[in-house]
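Colleague: Dropping the sequence and predicted coords here.
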Amino acid sequence: MATKPFSPKEVQRIIQFLHRPAVFLNMTDDWPGRDWTLENLALCLGEKSVCFRIGKRNEEKGPLFETQCSYVEATLAEFLCWTRGSSDSSVGPFAAYPLSEHWAYADYKYIILLFQERTTMFKDLVWSDFGYSGRDGRESTLWIGTSGANTPCHLDTYGYNLVFQIQGRKRWYLFSPEDVECLYPTRIPYEESSVFSQVSVIKPDLCRFPAFRRARAHIVTLQPGQVLFVPRHWWHYVESVDPVTVSVNSWIDMEIDNEARVGEALTKTIVSALKTTPSLDNKDNWLNPTEEGIASHDENMKCLNLAVKALMDNRSTQADDCTELAGQSSAAAVKRDAAGRLKTTATDPVPSFSVPFGTHLIPVTCDADCCQKQATSLKETPLSKDNAYFPPRNRTKPQPANTHEKEEVARISGEPREDGRDGEKYSHISTNDVLDCLLHPDVIRLATQLMINRQRELVPK
């Protein structure tokens with residue numbers, strides 16, 4: 001076995017102190033998964049069909065969300081023929097999509113389902129080298145795409161990512177959680193584990209999203225054999241660079257705490273309640289294809305109550321622990337974070353550790369030139385006083401069915417119109433606009449805390 005630059009224990013310590021994206025090199029040289037090229041995977045999967053997401057190249061209107069894409073079922077062999085420029089029947093369902101005009105992506109493919117007849121392949125991904133004993137392909141997802149294939153900018157609401165690049169290159173645009181106000185978060189389309197950005201980060205519309213000029217893009221092109229660490233709550237937009245790319249993601253969801261679960265349950269309850277309510281502007285395809293279906297309001301409320309109960313029970317246990325520890329030692333107050341870990345106090349020794357950046361570990365740095373270009377292109381755009389934090393979003397206008405509906409649609413038109421007050425203009429507020437405000441991460445965080453405080457007040461002392 002080849003000597004690794006870092007031992008599993010060292011990698012875990014590095015990740016513990018890493019608060020920014022970084023790339024591990026020379027950690028996968030002996031992984032059998034290095035041979036998972038498209039050609040080899042096509043042979044392994046044979047006639048097994050995979051769902052591909054298809055988008056049009058050169059879209060400049062904004063992010064192309066998964067709800068706006070086309071989908072086809074095809075084998076990897078058909079996909080391979082299509083990527084090689086074949087135009088005959090061997091490309092199957094791709095025949096309707098010229099490669100020069102479209103890209104395709106097989107994403108979120110759970111390896112445990114893809115290779116359920118070839119379980120030995122799970123061992124080809126040796127995540128134990130990164131300190132996760134027993135973790136392999138069973139806890140990973142496969143991503144296969146053409147050049148131009150992309151995922152809209154988003155953050156994952158749980159854990160962090162380790163991304164193993166196998167074939168081709170993918171370019172990552174990453175943004176710190178501190179840039180949330182520059183990225184105009186939205187929960188429509190709704191996916192339980194993701195918050196999307198309304199901004200097309202590589203071709204931003206700075207007239208609609210002026211605050212994006214302050215966003216600090218950290219950009220890296222991931223090469224075959226490299227592993228990218230994406231910290232929790234870092235925003236990321238990913239685009240395939242080469243004609244064919246293959247990568248594997250392993251999500252480490254160990255950092256989810258009970259308070260975050262309450263926030264997610266609250267978000268799901270609000271989205272489902274408002275988006276399943278019939279209205280003229282509720283005609284959009286709001287549920288992401290990755291979601292299996294729409295739960296009823298009662299089901300969502302049950303999940304919310306269970307999440308709150310788990311949090312309150314956990315905090316009650318923590319309080320008992322703290323009382324016991326306080327009785328043992330009164331030298332310092334005992335506190336825990338949301339995940340239940342003991343917090344250090346001013347008198348506690350701070351562990352000393354310097355992340356060993358160098359030949360085998362490279363930090364993903366902020367691209368100052370990219371940020372400067374964004375700022376420069378905005379110079380001629382006048383800014384509103386509040387930077388137009390939530391500008392009107394692109395809306396699909398409902399088609400009126402009769403005269404009454406025509407009048408109603410005209411009344412609530414999304415276009416700015418006179419409202420009779422000295423020519424002042426306004427824009428129609430849609431259900432999605434309401435959700436963008438209600439479900440902003442900061443608002444959900446505040447609502448979650450208010451709900452928890454209310455529960456504390458109701459508990460008998």
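Modeller: Great, that's in hand.
Colleague: And the lowest mean pLDDT element among the helices and strands of this protein?
Modeller: strand 417-418 (a mean of 47; mean pLDDT, DSSP states H and E).
Colleague: pLDDT weak spots in the stretch 101-250 of the chain?
Modeller: Filtered on pLDDT under 70, the stretch 101-250 of the chain yields no residues whatsoever.
Colleague: What segments of it are helices?
Modeller: For the stretch 101-250 of the chain, the helices defined by DSSP state H, counting those that start in this stretch cover 111-114.
Colleague: Okay, strands next: where are they in it?
Modeller: 102-110, 140-145, 150-156, 160-167, 170-175, 185-191, 194-197, 218-222, 227-230, 235-240, 245-252 (DSSP state E, counting those that start in this stretch).
Colleague: Distance to A211 and mean neighbour count added to the ones you listed, as TSV?
Modeller: The C-beta positions use only the backbone N, C-alpha and C, and glycine is treated the same way. Shown next, in TSV, are the strands of the stretch 101-250 of the chain (distance: least, Cβ to Cβ, whole Å; neighbours: other Cβ atoms under 10 Å):
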stretch	distance to A211	mean neighbour count
strand 102-110	29	20
strand 140-145	30	24
strand 150-156	14	22
strand 160-167	26	22
strand 170-175	12	22
strand 185-191	12	23
strand 194-197	11	23
strand 218-222	18	19
strand 227-230	23	24
strand 235-240	14	24
strand 245-252	29	22
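Colleague: want to throw the ones you listed into a markdown table with distance to E457?
Modeller: Below are the strands of the stretch 101-250 of the chain laid out as a markdown table (distance: least, Cβ to Cβ, whole Å):
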| stretch | distance to E457 |
| --- | --- |
| strand 102-110 | 42 |
| strand 140-145 | 43 |
| strand 150-156 | 32 |
| strand 160-167 | 35 |
| strand 170-175 | 38 |
| strand 185-191 | 29 |
| strand 194-197 | 30 |
| strand 218-222 | 43 |
| strand 227-230 | 39 |
| strand 235-240 | 36 |
| strand 245-252 | 36 |
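Colleague: how about those, which one is nearest D436?
Modeller: Comparing the strands of the stretch 101-250 of the chain against D436 with Cβ to Cβ, the closest turns out to be strand 185-191 (5.2 Å).
Colleague: now that closest one, how far from the centre of its chain.
Modeller: 10 Å (Cα atoms, centre = their mean, to the nearest Å).
Colleague: name the helices or strands packed onto it?
Modeller: Judged by 3 or more Cβ pairs under 8 Å, 6 or more residues apart in numbering; DSSP states H and E, the packing partners of strand 185-191 are strand 194-197, helix 258-275, helix 431-438.
Colleague: will you turn the ones you listed into JSON lines that also has distance to G92?
Modeller: Output for those, formatted as JSON lines (distance: least, Cβ to Cβ, whole Å):
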{"stretch": "strand 194-197", "distance to G92": "30"}
{"stretch": "helix 258-275", "distance to G92": "35"}
{"stretch": "helix 431-438", "distance to G92": "36"}
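Colleague: most tightly surrounded among the ones you listed?
Modeller: With neighbours taken as mean count of other Cβ atoms under 10 Å, these reach their highest mean count in strand 194-197, at a mean of 23.
Colleague: Tell me which strands that one pairs with, and in which orientation.
Modeller: Strand 194-197 sits in its sheet next to strand 150-156 (antiparallel), strand 185-191 (antiparallel), going by DSSP bridges.
Colleague: hang on, L206 packs against F212?
Modeller: Yes - the criterion here is Cβ atoms under 8 Å, and L206 meets it with F212 at 6.3 Å.
Colleague: Name the residue in these two with the higher neighbour count.
Modeller: Counting neighbours by other Cβ atoms under 10 Å for L206 and for F212 shows that F212 has the greater number, 27 against 18.
Colleague: Could you pull up the contacting residues of that one?
Modeller: For F212, the contact set (Cβ atoms under 8 Å, 6 or more residues apart in numbering) comprises 182-184, 199, 201, 204, 206, 374.
Colleague: Equivalent analysis for V244, please.
Modeller: 38, 83, 144-146, 167-168.
Colleague: Number of residues surrounding E73?
Modeller: E73: 11 neighbours (other Cβ under 10 Å).
Colleague: Would you confirm that it contacts C51?
Modeller: Yes - using Cβ under 8 Å, E73 makes contact with C51 at a distance of 5.6 Å.
Colleague: for the nearest residue to P93 once chain neighbours are set aside, helix, strand, or coil?
Modeller: Distances taken as Cβ to Cβ, 6 or more residues apart in numbering put V72 closest to P93, at 4.1 Å, once the chain neighbours are dropped. What DSSP: H, G, I helix; E, B strand; the rest coil gives for V72 is strand.
Colleague: can you count the residues close to V72?
Modeller: Residues near V72, counting by other Cβ under 10 Å: 19.
Colleague: Next one: it from T245, what distance?
Modeller: Distance of V72 to T245, computed by Cβ to Cβ, to the nearest Å: 18 Å.
Colleague: got it, and R138?
Modeller: R138 is 22 Å from T245, by Cβ to Cβ.
Colleague: What of M27?
Modeller: Separation of M27 from T245 (Cβ to Cβ) stands at 19 Å.
Colleague: How about M121?
Modeller: 19 Å.
Colleague: Could you do W36 as well?
Modeller: Relative to T245, and taking Cβ to Cβ, W36 is found at 12 Å.
Colleague: tell me, what's touching the two both at once?
Modeller: Q167.
Colleague: and A22, what are its phi and psi?
Modeller: In terms of degrees, to the nearest 10, the main-chain angles of A22 are phi -150, psi 160.
Colleague: Tell me how many other residues crowd it.
Modeller: A count of nearby residues for A22, using other Cβ under 10 Å, gives 21.
Colleague: partner residues bridging it?
Modeller: According to DSSP bridges, beta-bridge pairing links A22 with F229, P363.
Colleague: While we're on it, how confident is the model there?
Modeller: Note for A22: predicted pLDDT of 98.
Colleague: wait, it sits on F229?
Modeller: Yes - the pair formed by A22 and F229 meets the contact definition of Cβ under 8 Å, at 5.1 Å.
Colleague: hang on, the earlier thing: the residue nearest to P93 and Y97: what is the separation?
Modeller: Counting by Cβ to Cβ, the gap from V72 to Y97 is 8 Å.
Colleague: Which neighbours do the two have in common?
Modeller: The contact sets of V72 and Y97 overlap at 54, 104 (Cβ under 8 Å, 6+ apart).
Colleague: Which parts of the stretch 251-400 of the chain are strands?
Modeller: Under DSSP E, counting those that start in this stretch, the stretch 251-400 of the chain gives strands at 361-363.
Colleague: so who does the residue nearest to P93 touch?
Modeller: Contacts of V72 (Cβ under 8 Å, 6+ apart): 51-52, 54, 93-94, 97, 104.
Colleague: Could you report the pLDDT at D88?
Modeller: For D88, pLDDT reads 78.
Colleague: What is the burial count for it?
Modeller: Neighbour tally, D88, other Cβ under 10 Å: 7.
Colleague: again, but for P278
Modeller: There are 6 residues near P278, going by other Cβ under 10 Å.
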